[in-house]
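*Asks:* sequence-free structure coming up:
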């Protein structure tokens, strides 16, 4: 997939699935948009998470 196809796919995803306006998509940090796109792909079963973690691993019991 080349860069043009990726941006077209991200634009479609933002418009159709997230309900964002085109301006909101272009002004959103690219990392956030890519994270949302990856979450969508995992939800559909297209891709798998790189690593699965649980809340107990992130926040200790002492807090």
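*Replies:* Arrived safely. These figures come from a predicted structure and were not determined experimentally.

*Asks:* by mean pLDDT, which helix or strand of the protein comes out lowest?
*Replies:* helix 55-58 (a mean of 78; mean pLDDT, DSSP states H and E).

*Asks:* name the helices or strands packed onto it?
*Replies:* Using 3 or more Cβ pairs under 8 Å, 6 or more residues apart in numbering; DSSP states H and E, no helix or strand is in contact with helix 55-58. The C-beta positions use only the backbone N, C-alpha and C, and glycine is treated the same way.

*Asks:* in this protein, which spans are helices?
*Replies:* Assigned by DSSP state H, the chain shows helices spanning 3-16, 22-27, 30-44, 55-58.

*Asks:* so what's the gap between the shortest one and the chain middle?
*Replies:* I take that to be helix 55-58. Distance of helix 55-58 from its chain centroid, counting by Cα atoms, centre = their mean, to the nearest Å, is 21 Å.

*Asks:* for that helix, buried residues please.
*Replies:* Of the residues in helix 55-58, none count as buried by neighbour count, 16 or more other Cβ atoms under 10 Å.

*Asks:* mean pLDDT lowest where, among the helices of the chain?
*Replies:* When those are compared by mean pLDDT, helix 55-58 comes last with a mean of 78.

*Asks:* how many neighbouring residues does residue 14 have?
*Replies:* Residue 14: 20 surrounding residues under other Cβ atoms under 10 Å.

*Asks:* the residue nearest to residue 24 when sequence neighbours are not counted: what's it in contact with?
*Replies:* Of all residues not flanking residue 24 in the chain, residue 14 sits nearest, at 7.4 Å (Cβ to Cβ, 6 or more residues apart in numbering). Residues in contact with residue 14 (Cβ atoms under 8 Å, 6 or more residues apart in numbering) are 20, 22, 24, 25, 28, 33, 36.
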